[in-house]
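Engineer: kindly generate the corresponding structure for this input.
(chains A and B)
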Amino acid sequence: MHMIAAALAGGLFGAGLLISGMTDTTRVQGWLDLLGTWDPTLAFVLGGAIAPMAIAWRIAAHRRQALLGGALPEPPAPRIDRALVGGSLMFGAGWGLAGLCPGPAVASLSFGGSGGLVFLAAMLAGMAATPALRSRLARA
Amino acid sequence: MEQDWIRGMIGGLMIGSAAAGLLLVNGRIMGASGILGGLADGSARGRARAEKLAFLAGLVAVPALLLALRLVPAEAARTHVTGNLAVLVAAGLLVGIGTRLANGCTSGHGVCGISRLSPRGLAATAAYLAAGILSLLVFRHLLHIV
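Structural biologist: Numbers count the residues shown, from 1 in each chain, chains lettered A, B, ... in the order given. Predicted structure coming up:
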């Protein structure tokens, strides 16, 4: 059941990314490029996505468990540290460069061509290398 | 252009509903970088790993299916990914390492974090938006790379 629910959520996420236009790098870069032909679409996507999720958090606050059992996630400690800000700055720089973030990079796998594959491979390599990188940074 | 924001909003509602479903049904936060990262670095085990793989299967299969069955117009499959390999590799590494260090991306910190008014989600979103805007300013308008 957990697997079916996860696959359905992934499918709905992918369909939403495709329909909203977030798999199109021009559209994403158009939102970030304030000096170009500015494209406000991403604001509508984010607004549309936040609404159901805000309701879901309110429902979750009144429940002890998820529908299929198991604990609902606790809010993380509100710690804003170097890793959060530095990592987000790195992510934003790459997001602007290619116009792709992790969700759309996967959702466009079937139609993103070889460029999308190169980005995805580099991104996964970066993700795989991060635990080692992090412990090296902690020792330095 | 009017259709664009309507499609954006409908797509956004679908993205948010997917996140809401995953939270209430499975008790999981829908973060694309966390799902991919847990598989890429081998930290996800057992049922968590199986759920992540199932999520990814849906994420790839449903857009492919919608296009194959022509349920969405073929023009929706535009991507405009750059052909510049150096840019793609650099961008991929930045996104991969950055999202793992920050423990989230546009879906986790953006959609799930902002909707909860999480200080971490709000700070991360402000940082990656600022960096994205600066990135295009530098790499497009100053250096003409992208």
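
Engineer: and stretch B:19-32, how far out from the chain middle?
Structural biologist: Computed by Cα atoms, centre = their mean, to the nearest Å, the chain-centroid distance of stretch B:19-32 equals 14 Å.

Engineer: neighbouring contacts of that stretch?
Structural biologist: Defining contact as Cβ atoms under 8 Å, 6 or more residues apart in numbering or on different chains, one finds that stretch B:19-32 is touched by A:2, A:5-6, A:8-9, A:12-13, A:49, A:52-53, A:55-57, A:59-60, A:63, A:65-68, A:70-73, A:101-103, A:106, B:18, B:51, B:55, B:59, B:104-109, B:111-112. Just so you know, the C-beta spots here come from the backbone N, C-alpha and C atoms, and that holds for glycine as well.

Engineer: please indicate which of the residues you listed are buried?
Structural biologist: A:2, A:5-6, A:8-9, A:12-13, A:49, A:52-53, A:56-57, A:60, A:66, A:72, A:101-103, A:106, B:18, B:51, B:55, B:59, B:104-109, B:111-112 (16 or more other Cβ atoms under 10 Å in any protein chain shown).

Engineer: from those residues, which land in helices?
Structural biologist: Applying DSSP state H to the buried ones among the contacts of stretch B:19-32, the entries found in helices are A:2, A:5-6, A:8-9, A:12-13, A:49, A:52-53, A:56-57, A:60, A:102-103, A:106, B:18, B:51, B:55, B:59.

Engineer: check chain A for its longest helix and report it.
Structural biologist: helix A:113-139.

Engineer: same question for that helix, mean pLDDT?
Structural biologist: The pLDDT scores in helix A:113-139 average 93.

Engineer: quick one: check it for contact with chain B.
Structural biologist: Yes. Counting by Cβ under 8 Å from any Cβ of the partner chain, chain B is contacted by helix A:113-139 at A:113, A:115-116, A:118-131, A:133-134.

Engineer: just the buried residues of those.
Structural biologist: A:115-116, A:118-120, A:122-130.

Engineer: need the contact list for B:V111.
Structural biologist: B:V111 neighbours (Cβ under 8 Å, 6+ apart): A:L46, A:A49, A:I50, A:M53, B:I15, B:G16, B:A19, B:M30.

Engineer: let me fix that, I meant to ask about B:I35.
Structural biologist: Contacts of B:I35 (Cβ under 8 Å, 6+ apart): B:K52, B:F55, B:L56.

Engineer: residues contacting the closest residue to the second one other than its chain neighbours?
Structural biologist: If I follow you right, that is B:F55. Closest residue to B:F55 apart from its sequence neighbours, by Cβ to Cβ, 6 or more residues apart in numbering or on different chains: A:G10 at 3.7 Å. By Cβ under 8 Å, 6+ apart, the residues touching A:G10 are B:A18, B:A54, B:F55, B:L56, B:A57, B:G58, B:L59, B:V62.

Engineer: for the chain, which residues score under the pLDDT cut-off?
Structural biologist: Answering for chain A, as no chain was given. Applying pLDDT under 70 to chain A picks out residues A:140.

Engineer: not quite, I wanted chain B
Structural biologist: B:1-2.

Engineer: cutoff 90 now
Structural biologist: B:1-3, B:74 (pLDDT under 90).

Engineer: closest to chain A among the contacts of B:I35?
Structural biologist: Using Cβ to the nearest Cβ, B:F55 comes nearest to chain A of those, at 3.7 Å.

Engineer: for that closest one, what are its contacts?
Structural biologist: By Cβ under 8 Å, 6+ apart, B:F55 lies in contact with A:A6, A:A7, A:A9, A:G10, A:F13, B:L22, B:I35.

Engineer: most widely separated two among the residues you listed?
Structural biologist: A:A7 and B:I35 (12.2 Å; Cβ to Cβ).

Engineer: hmm, A:A49 is touching B:G12, no?
Structural biologist: Yes. The pair A:A49 / B:G12 is scored as a contact, 4.3 Å apart, by Cβ atoms under 8 Å.

Engineer: what do these two both touch?
Structural biologist: Looking at what touches both A:A49 and B:G12 (by Cβ under 8 Å, 6+ apart), the common residues are A:G16.
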